[in-house]
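Undergrad: generate a structure from the sequence data that follows.
(chains A, B, C and D)
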Number of protein chains: 2
Amino acid sequence: MNKVERSITRDDVAREAGVSPATVSYVINNGPRPVSPETRQRVMVAIEKLGYKPNVVARSLRMRKTTTLGLILPDTHNPYFAEVIRGVEKVAYERGYSVVLCHSDYSSEREVHYADVLQSRRVAGVLWFPATVEMKPAELLTSYGVPLVMLDRMMKGVEVPVVLANNYRGGYLAVKHLIELGHRRIGCIARPVDLYHSSERVRGYTAALQENGLAVEEGYIIRGGFQLEDGRRAAFNLLNLEKKPTAIFAYNDFMAIGAMRACFEMGLSVPGEISIVGFDDIPQAAYTCPALTTVRQPKLEMGRRGAELLFNLIEGNMGEGVSPPLLDIELIVRESTGKMKG
Amino acid sequence: MNKVERSITRDDVAREAGVSPATVSYVINNGPRPVSPETRQRVMVAIEKLGYKPNVVARSLRMRKTTTLGLILPDTHNPYFAEVIRGVEKVAYERGYSVVLCHSDYSSEREVHYADVLQSRRVAGVLWFPATVEMKPAELLTSYGVPLVMLDRMMKGVEVPVVLANNYRGGYLAVKHLIELGHRRIGCIARPVDLYHSSERVRGYTAALQENGLAVEEGYIIRGGFQLEDGRRAAFNLLNLEKKPTAIFAYNDFMAIGAMRACFEMGLSVPGEISIVGFDDIPQAAYTCPALTTVRQPKLEMGRRGAELLFNLIEGNMGEGVSPPLLDIELIVRESTGKMKG
DNA sequence: ATGAAAGCGCTAACAG
DNA sequence: CTGTTAGCGCTTTCAT
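TA: Below is the predicted model of the structure:
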């Protein structure tokens, strides 16, 4: 069996220092009661000598709240999420909180499961990157009274605090850029329309076209997944059209790279014969494809702001000091070193 | 202030069902005592009605052990680590454990800090990707009696269970491949020699050369960082040598891509004038650089095995069923669609 | 088969 | 300025 050895407790320290357990608490927590310098010193020495570390579990039980945040997201494997994690963990770290990571794996069943797990663990709050349009996890968490912040997703009719990037503006900037380069036929690789952040990007695409008197042709908008291969397939569809586009705006950098690959396979140079703009500014993508212009998503910032907003909810000061929910976004135009052909 | 509302407890359920709190426990935990079917049913109904969720914090305090693992690694931003996380979390999930994620940010001070945090949180065990050669975190954790497993790193004189990939074999396979392609002057971009996994790769490089009667020239081994830019710089150094290499074995895919970039900037085609082999098999890299042959690191597997090993330690069954510590590795030869020039 | 009760290690109210 | 004590919600031994 699994022997559990007793670790040093606050009572051990009290005994060693010849004071009461309460006094030890007051020293550790710097309050809420004052402690005389000599006593404090004795306690400190005892703590040092015994190597005492307060038991956070016991404290959490007593306080009826933990210093742990839950973070539910589809997949760490995607560099986009990976960078958000950093932002969250950074803020949590500064506040003495820890982050429990949960992979939903793009499944809302798992999201629901994790909602229960996190509630059972009495996390102080949850940051959630919805994997689908299913809102059950939010309803659960809310009904449990667990503070919740959604990241870069929005569903109408759902009243959950959220941190958004300005995806509309991103799409607009991307397509405006292509138009300024002289393109008139611009394809769009998108995800299913009901995903907020994606449809916002498409809305930006549409707006830029219309603003410049260009028609929005439904055939130029291809919907699909979000992986490299999906982008490749979508690009083939676009490039096989009778009047094929001369430029492509892709939902994300993966799909943009997939599209680029498709161009190479069809013997088209990028840029030159086809221009491509991606989205998210995945660092690896940008470096390996210097031709790839993209839209910078403030990923780290999103994690930070999300965590800050969550802490505001946790601490109850809802109104003030809350960061703007709509994060700015910018176009990154890469200087190509020349035309690239795979 | 932060009002903490009382949540439903086991006592509430007991009252509702008209049984003792102990009985509720026995129902929830399916033991250790039997409960009559009718009683069980009454309890289940009460649980459902009240929406009761056991408090994991209280249970942890009582059991003197948590169902939480700590995972310390340098940076989620690196896709290599990101994938390891998945493996760890997957196994933890299956066992009902949660994972607390800690970014050391390549700093051993932070590692030490997290060792303390995780001990205070009484995690059941820790998985650690050392950021440097500093072993203090391991000493701390061990002295606290916290089960610890190291991932893909090793230091001599340190007795910590570890899961390793066969980095030696990876380096060997990579360079053997280049030799078989006809290359005789092969450069090596490495990290500082005291990092175990890197020096193992160099050892493989050396072995492959020697086995084929090729001299190991110190000037062909460049040491440095681990980022794209470091690879680019290192490649410039190699390519400016009087007898410049015709092939490069890089420490990882980032540096390989950096090296490729350097080649392009010098007007050298890849492959063709220069062949490059990377390491780790970062998916994005492979896709964006179809010319890039690499060595597949079993990243997810490493996370899985690490977690499994850790659970064995936690449960005390050290000897049996422990996975082999040295994971296999394989060479991924990419078929280039042609010569690539940036 | 079930109930009562003793803690797990801590915070903070209560009592000097 | 300090000590005593009542829980936080749970598991499990000791009774019945």
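Undergrad: can we go C-alpha only for contacts and neighbour counts from here?
TA: Fine.
Undergrad: contact residues of chain A facing DNA strand C?
TA: Residues of chain A lying near DNA strand C by C-alpha under 7 Å from any atom of the strand: A:6-11, A:21-22, A:25, A:28-29, A:32, A:53-56, A:58-59, A:61-63.
Undergrad: report how many residues lie close to A:P37.
TA: 10 (other C-alpha atoms under 10 Å in any protein chain shown).
Undergrad: and it, how far is that from A:M44?
TA: Distance of A:P37 to A:M44, given as C-alpha to C-alpha, to the nearest Å: 10 Å.
Undergrad: repeat for A:G224
TA: From A:G224 to A:M44 the distance is 61 Å (C-alpha to C-alpha).
Undergrad: quick check: buried residues in whatever helix or strand A:A208 lives in?
TA: Taking DSSP states H and E as the definition, A:A208 sits inside helix A:196-211. Counting neighbours by 16 or more other C-alpha atoms under 10 Å in any protein chain shown, one finds that the buried residues in helix A:196-211 are A:196-209.
Undergrad: with distance to A:T246 and pLDDT as added columns, please give those residues in a markdown table.
TA: Listed next are the buried residues of helix A:196-211 as a markdown table, based on distance: C-alpha to C-alpha, whole Å; pLDDT from 0 to 100:
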| residue | distance to A:T246 | pLDDT |
| --- | --- | --- |
| A:Y196 | 27 | 86 |
| A:H197 | 25 | 89 |
| A:S198 | 22 | 90 |
| A:S199 | 22 | 90 |
| A:E200 | 23 | 92 |
| A:R201 | 19 | 95 |
| A:V202 | 18 | 95 |
| A:R203 | 20 | 95 |
| A:G204 | 19 | 96 |
| A:Y205 | 15 | 96 |
| A:T206 | 16 | 96 |
| A:A207 | 19 | 97 |
| A:A208 | 16 | 96 |
| A:L209 | 14 | 96 |
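Undergrad: of the residues you listed, closest to B:E134?
TA: Nearest to B:E134, judged by C-alpha to C-alpha, of the buried residues of helix A:196-211 is A:H197 at 43.4 Å.
Undergrad: the closest one contacts A:R153, doesn't it?
TA: Yes. The criterion here is C-alpha atoms under 8 Å, and A:H197 meets it with A:R153 at 6.0 Å.
Undergrad: what about the strands in the stretch 51-200 of chain A?
TA: Secondary structure of the stretch 51-200 of chain A (DSSP state E, counting those that start in this stretch): strands at A:68-73, A:98-103, A:125-128, A:148-151, A:162-165, A:186-190.
Undergrad: give me the contacts around the first one.
TA: To tie it back to what came earlier, the one meant is strand A:68-73. A:81, A:92, A:97-105, A:111, A:114, A:118, A:123-131 (C-alpha atoms under 8 Å, 6 or more residues apart in numbering or on different chains).
Undergrad: how about 6 Å then?
TA: For strand A:68-73, contacts defined as C-alpha atoms under 6 Å, 6 or more residues apart in numbering or on different chains pick out A:97-104, A:123-129.
Undergrad: okay, now whatever residue of the stretch 101-250 of chain A ends up closest to DNA strand C: neighbour count?
TA: In the stretch 101-250 of chain A, the residue that lies nearest DNA strand C is A:R122 (14.6 Å; C-alpha to the nearest atom of the strand). Each residue near A:R122 was counted by other C-alpha under 10 Å, and the total is 26.
Undergrad: before we move on, the earlier item: dump the strands of the stretch 51-200 of chain A into CSV; add distance to B:E330 as well.
TA: What follows is the strands of the stretch 51-200 of chain A, written out as CSV (distance: least, C-alpha to C-alpha, whole Å):
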stretch, distance to B:E330
strand A:68-73, 31
strand A:98-103, 28
strand A:125-128, 37
strand A:148-151, 38
strand A:162-165, 40
strand A:186-190, 35
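Undergrad: closest one to B:N312 among the ones you listed?
TA: It is, among those and with distance given as C-alpha to C-alpha, strand A:98-103, at 21.9 Å.
Undergrad: from the contact counts, what lies against the closest one?
TA: Secondary-structure packing of strand A:98-103 (3 or more C-alpha pairs under 6 Å, 6 or more residues apart in numbering or on different chains; DSSP states H and E): strand A:68-73, strand B:98-103.
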